[in-house]
Structure formats: structure tokens, C-alpha cells
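[1] what would the 3D arrangement of this be:
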Amino acid sequence: MQLRPFCPTDRNYCCQLLGVDVLSFPKASCCFLLEKDGTPIGTGAFTPSHSETDFFQILFLAIDPLWRKKGYGSYLLRQLLHKMGAYQKANASIFLSQDNIAAHALVKKFGFQPSPNYCNDDASAVEWVRFCPKPFTSLSLAHSLIAARLCPGSFAVDATAGRGRDTAYLCRLVGETGKVLAMDIQPEAVEATNQLLEQQGLSSIGKAVLADHAQLGQMVSPSSIDCVVFNFGWLPGADHSIFTTPKTSLPALEAALTALKPNGFLVASIYHGGINGTQEKDTLPLWFASLDSKKYGVVQCNFVNRQGKDPLVFLVQCQ
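    Residues are numbered from 1 along each chain as shown. Coordinates of the predicted model:
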């Protein structure tokens, strides 16, 4: 049994098996052919991820009808999961039609569960997701707060795009009927975010623009968005001498509250230490605490046994 990378000469076989041209899938896809004694018996592919917090999406997985019900589907899926690192750190997802009971049973054996937040327009296909357990971090906490509240079809804003990981995460949650606007003051961040969205097939949902988050109020209408996400600090892997400060962060937060719809929410993570010090850690929590309790519910989350080094996470829910 051999799982090898896709070659141009495999195109006709894969097209016949899948019923679609494999070249129609994203160019960055990792495509493979499953062979038994030199005979092709199946194929599978997934889109690459550039962060352990991102999902690998399985684009297709198919076994030749002559070789089905012999365990080869399980073998192929297991090998794809190994290649994407799903047994170490990565999450995975796959879309399956509602009536493909055999496929449901297959992916369920490997820990996939149907996502309650994502189906296509006519509900004929549902996304199944497989989460790889990770250490509890401020990022996983922030994502869980977002996922519990953001629905398909929503309009979300990533006010600090960074490398685009949160933007992509929001795109997957709002789905094809939703919209995500991301912004960042650094061209490098905007380029990285749009590139990531393109690679993951999410560019029709989200887009990053070059803008200071303090300009948020000029870019969206009042009471128009469902969710705003902030990561205050610096751009990972870039010049840490460029970082957010209360001078722009406070106006951005004010603008975000104005832009939120009734029952909308805001999730903010405050990264601190190093060259940017504790300015925002000292200032922003006081601003959150001052919000009118009749209009907003505010929750502060912090790790009490990690010497205060982890980011602070805030959830603000409009009443």
C-alpha cells in the first residue's frame, strides 16, 4: 500500500473517480493517490494550514468502487490525518452531504463531529470537524468565547488582523453567508492575512485592509456588526517595537461598542510584557470595568497561577 503525491498523469483517473476535475481545487492543495501493488484505488486531498490554531480542510476523499468496504477508506483517511499533523496539534474539517451515511460513519470513527455552525445554503452538506486537544491558552479561551456566540451569516470584524489566524477562524464561523472585515496598520499583516484567506478558500468571505483600528468607526455603520475581535500587542514574528497603545486602542474599543448590534459582542486579548510593557494591561481593564452595567455585560478572564504572564481576555456582551 502506498500513498504518494498527485502527479499530472493521475488527473484522468481522479477526475473519473470524483466526477470533477482535481485542478479546479485550490492550487495549494496537498493531493495524494492511494495505490495497491501499483494500481490506483483511491485519492484524497487537503488544504495546507500555516498555524497550529488553523484547520486543515479535507477537500475530497474517495475510494474506487471496486475497492470499497475493505478498510481502504479508513487507511486513506488515517494517512491524510497523519500528514496534516492531526494526531499532534492540528484540527481538521470536511464537508459531507447529508445523505452520505457511509462517509458519516467513517469520519465519526476518527473523532469527527458535525459542526452546529456551518452548512451550505441549501443544507445539503454539513461540515464535520475534528479537534486535536491542545493546552488551555488565552487563544483557545478567546476562540471558545467567539464560537459559542457567532452564528452563520454574521458580520464580524477582526480589528487587529496580525497573521490572519483570527480572521480565518471568523470566516469559518460565519460561513458563506457571512462577512468578515479585517484591518491592520502594517502592510505585512494585511498581505499575510489576505494570502492566508486565499490559501484556505475563504477570500469570498473575508478581506483585510490597511487601516488603524482607531478608524473602525469610519469603516462600519453604527449597530451593524455582530462581533469584534481585538488582539492588543504586537505582530507575531515581526518587529516588536511596533505595538498597540491605549492612544489608539481606547478609541477603537469605543468605536466597536457603537458599531455592535444589540446582543453583539466583543472579545479582546491584551498581550503585554517585553518592549511594549504593561501600558494596555494597566489601562484597558479600567476602561472595561467602567462600562455601564445596564448596557453591557463584561467578563475578565485571566490565568491566576501563571505569574501574570499570559494575556488577559475580556468578553463584552451588549445587553
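
[2] now do the strands in the stretch 51-200 of the chain.
    Shown for the stretch 51-200 of the chain, the strands assigned by DSSP state E, counting those that start in this stretch span residues 55-63, 91-97, 113-119, 125-130, 155-158, 179-184.

[3] in terms of mean pLDDT, which of these ranks lowest?
    In terms of mean pLDDT, the lowest-scoring of the strands of the stretch 51-200 of the chain is strand 113-119 (a mean of 71).

[4] right, and the helix or strand after the helix or strand containing residue 266?
    If you go by DSSP states H and E, residue 266 is part of strand 260-270. The helix or strand immediately downstream of strand 260-270 is helix 279-289, counting by DSSP H and E.

[5] give me phi/psi at the residue lying farthest from the centre of the chain?
    Centroid-distance maximum for the chain: residue 37 at 38.8 Å, with CA atoms, centre = their mean. Main-chain torsions, residue 37, degrees, to the nearest 10: phi 50, psi 40.

[6] contacting residues around the closest residue in space to residue 226 that isn't next to it in sequence?
    Nearest residue to residue 226 in three dimensions, chain neighbours excluded: residue 154, at 4.0 Å (CB to CB, 6 or more residues apart in numbering). For every residue, glycine as well, the C-beta is placed using N, CA and C. Residues in contact with residue 154, defined by CB atoms under 8 Å, 6 or more residues apart in numbering, are 173-174, 178-179, 226-227.

[7] and for residue 170?
    By CB under 8 Å, 6+ apart, the contact list for residue 170 reads 146, 150, 156, 158, 180, 206, 227, 229.

[8] measure how buried the closest residue to residue 109 other than its chain neighbours is and give me the count.
    Nearest non-adjacent residue to residue 109, counting by CB to CB, 6+ apart: residue 74, 6.8 Å away. Other residues lying near residue 74 total 13 when counted by other CB atoms under 10 Å.

[9] and if you look at residue 184?
    By other CB under 10 Å, the residues close to residue 184 number 26.

[10] got it, and the one 4 residues further on?
    When neighbours are counted by other CB under 10 Å, residue 188 registers 15.

[11] can you give me the helices for this protein?
    Along the chain, the stretches classed as helices by DSSP state H are 11-18, 72-83, 101-109, 138-147, 165-174, 187-199, 216-219, 246-259, 279-289.

[12] picking up where we left off before, partner strands of the strand holding residue 266, with direction?
    Here strand 260-270 is paired, per DSSP bridges, with strand 225-232 (parallel), strand 312-318 (antiparallel).

[13] CA atoms only: put it into CSV for me.
    Extracted in CSV, the C-alpha atoms of strand 260-270 (Å, rounded to 0.1, in the frame of the first residue of the first chain):
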residue,chain,number,x,y,z
LEU,A,260,-22.2,46.4,17.6
LYS,A,261,-25.7,45.3,17.1
PRO,A,262,-28.0,44.6,20.0
ASN,A,263,-26.7,41.3,21.5
GLY,A,264,-23.5,41.8,19.7
PHE,A,265,-20.2,41.0,21.5
LEU,A,266,-16.6,41.9,21.7
VAL,A,267,-13.6,39.7,22.6
ALA,A,268,-10.3,41.4,23.4
SER,A,269,-7.0,39.8,24.3
ILE,A,270,-4.3,42.0,25.9
